[in-house]
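K.L.:
fold the following and give me the result.
(one chain, ligands or ions: 1)
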Amino acid sequence: MASLPRVVIRPRRARPFFARHPWVFVTSIERVEGDPAPGDEVAVVSHEGQFIARGLFNHRSAIRVRLYRWEDAPIDEEFLSGRLAEALALRSGPLDLGGPKSAARLVFSESDGLSGLTVDRFDRWLVVQFTSLALFERREFLIRRLVELTGAEGAILRGEKGIPSQEGLKVEEGVVAGTLPEGPIEISENGVTYAVDLATGQKTGFYLDQRDNRRAVASYARGRRVLDLFCYTGGFSLNALMHGGAGSSLGIDTSERAIDLARRNAVTNGARAARFEAADVFDTLERLRASGEKFGLVICDPPKFARHPRAVEDAVKGYLRLNRAAVDVLEPGGVLATCSCSGLVDRMLFSDILGQVAELSGRPIQILEQRGQAADHPVSASCLETEYLKCVIARVP
Ligand code: SAH
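P.N.:
Coordinates of the predicted model:
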């Protein structure tokens, strides 16, 4: 294919791409030969003209080329189909995430060699998110193939914060294949049943990345009063009550809609000791501190604080303030399970923040477990940006 446009990398900048990092930023590019349209396939070559990989081009994005194939062969439907099949094989094979009412992330973007595509399955329905223009342009094929491979009854397209403007994407949310039931559907995770709102819930409807952490944190709950901060639809609370033998739980989230679903989930599962309140976490922590209320297990799972490198400094301050306040309502010997889903705040930095919390609160913090995202959100060793979730379980004497 002599006619394929070529993207030539600047001198001494090709190393990461030989090493299979899939993001070619505009700053690494010397020149583009030919006139690729947005979404077109290109060959990426070193300054010396050596072939590196095939990718898809988008002149609107700072990630000018996303790489998919490290051999000189086309990124066609057959190739994409193979990538999808491989992603599905992991979830149904080694991870064994199938079964009635189960839910799993089927495709996790770079980690599955499909930069810009994320797919979650909730029982018999798929929620699809595109974060790259090129794969979005191939959506008809990708969605059709996904439905064929999974036998799903329907698929819905959801947007992702901030991405459309970065990529020049115009995502119209809504049903794109088959049919979806009216209202929330039901899934079962760790033996807990949840109502999931595929059309209007946050992100893809449910935070599947915390599946194993909900279980792990529950094992510290026995007999304790649990405070579940940023509880969404109640996942950590319900695991702590149903699997961990917690005495009671209080879940806090600003979203009224999430709190409604959390209460409904508590009823469905017969978790009578669960309480949920729609409120701001920072206000609630201040109120609890003032009234001297204490908890034996505090779970803290805030939304992403840092979406951009410039935001890291403020994010660190936010985590510091939040965890300091969380420790203040923890009884002596209590357990803090604290999370961060900001990839830009790495593990070391997050642990360092907890060190500062220890200093400020005058209490030691003993880290018992350092956990990450569930295995259906694999980390690509070639693209460490795919590691984003930290869940630290610590004892605070
Ligand atoms: N722990 C949840 C996921 C939390 S996602 C689970 O296991 O499913 C983060 C949540 O924080 C969202 O539900 C969002 O509504 C909520 N949130 C964001 N800012 C908040 C604030 N200031 N106070 C309370 N909740 C907040």
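K.L.:
so what's the gap between the lowest-mean-pLDDT helix or strand in the chain and the chain middle?
P.N.:
When the helices and strands of the chain are scored by mean pLDDT, DSSP states H and E, helix 163-167 comes last with a mean of 77. The chain centroid and the centroid of helix 163-167 are separated by 18 Å under Cα atoms, centre = their mean, to the nearest Å.
K.L.:
how about the secondary structure of the residue lying closest to Ser361 once chain neighbours are set aside?
P.N.:
Counting by Cβ to Cβ, 6 or more residues apart in numbering, Val327 is the residue found nearest to Ser361 once chain neighbours are left out, at 4.8 Å. Every residue, glycine included, has its C-beta placed from N, CA and C. Following DSSP: H, G, I helix; E, B strand; the rest coil, Val327 is assigned to helix.
K.L.:
any idea how far Arg287 is from Met293?
P.N.:
Residue 293: Glu, not Met. For Glu293, the distance to Arg287 equals 9 Å [Cβ to Cβ, to the nearest Å].
K.L.:
cool, and Ala337?
P.N.:
Ala337 is 21 Å from Arg287, by Cβ to Cβ.
K.L.:
what about the two, which has more around it?
P.N.:
For Ala337 versus Arg287, the count of surrounding residues by other Cβ atoms under 10 Å is larger for Ala337: 29 against 13.
K.L.:
name the residues of the stretch 151-300 of the chain found near the ligand, please.
P.N.:
When proximity is defined by Cβ under 6 Å from any ligand atom, the stretch 151-300 of the chain lies next to the ligand at 202, 207, 210, 230-233, 235-236, 252-255, 258, 280-282.
K.L.:
helix or strand: which one has Leu67?
P.N.:
Here Leu67 sits within strand 63-69, counting by DSSP states H and E.
K.L.:
and Val392, by the same measure?
P.N.:
Judged by DSSP H and E, Val392 forms part of strand 390-396.
K.L.:
got it, and Arg263?
P.N.:
helix 256-268.
K.L.:
that helix packs against which elements?
P.N.:
Here helix 256-268 touches strand 192-196, helix 235-242, strand 248-253, strand 274-278, going by 3 or more Cβ pairs under 8 Å, 6 or more residues apart in numbering; DSSP states H and E.
K.L.:
do that again at 6 Å, thanks
P.N.:
In terms of contacts (3 or more Cβ pairs under 6 Å, 6 or more residues apart in numbering; DSSP states H and E), helix 256-268 is packed against strand 192-196, strand 274-278.
K.L.:
check the ones you listed for me and report the most buried one.
P.N.:
The highest average neighbour count among the helices and strands packed on helix 256-268, using mean count of other Cβ atoms under 10 Å, belongs to strand 192-196 at a mean of 21.
K.L.:
other SSEs contacting it?
P.N.:
Counting by 3+ Cβ pairs under 6 Å, 6+ apart, strand 192-196 packs on strand 185-189, helix 256-268.
K.L.:
again, 10 Å this time
P.N.:
Judged by 3 or more Cβ pairs under 10 Å, 6 or more residues apart in numbering; DSSP states H and E, strand 192-196 is in contact with strand 117-122, strand 185-189, helix 211-218, helix 235-242, helix 256-268.
K.L.:
can you check what angle separates it from helix 211-218?
P.N.:
Inter-element angle recorded for strand 192-196 and helix 211-218: 130 degrees (by axes from the mean of the first three to the mean of the last three Cα atoms, to 10 degrees).
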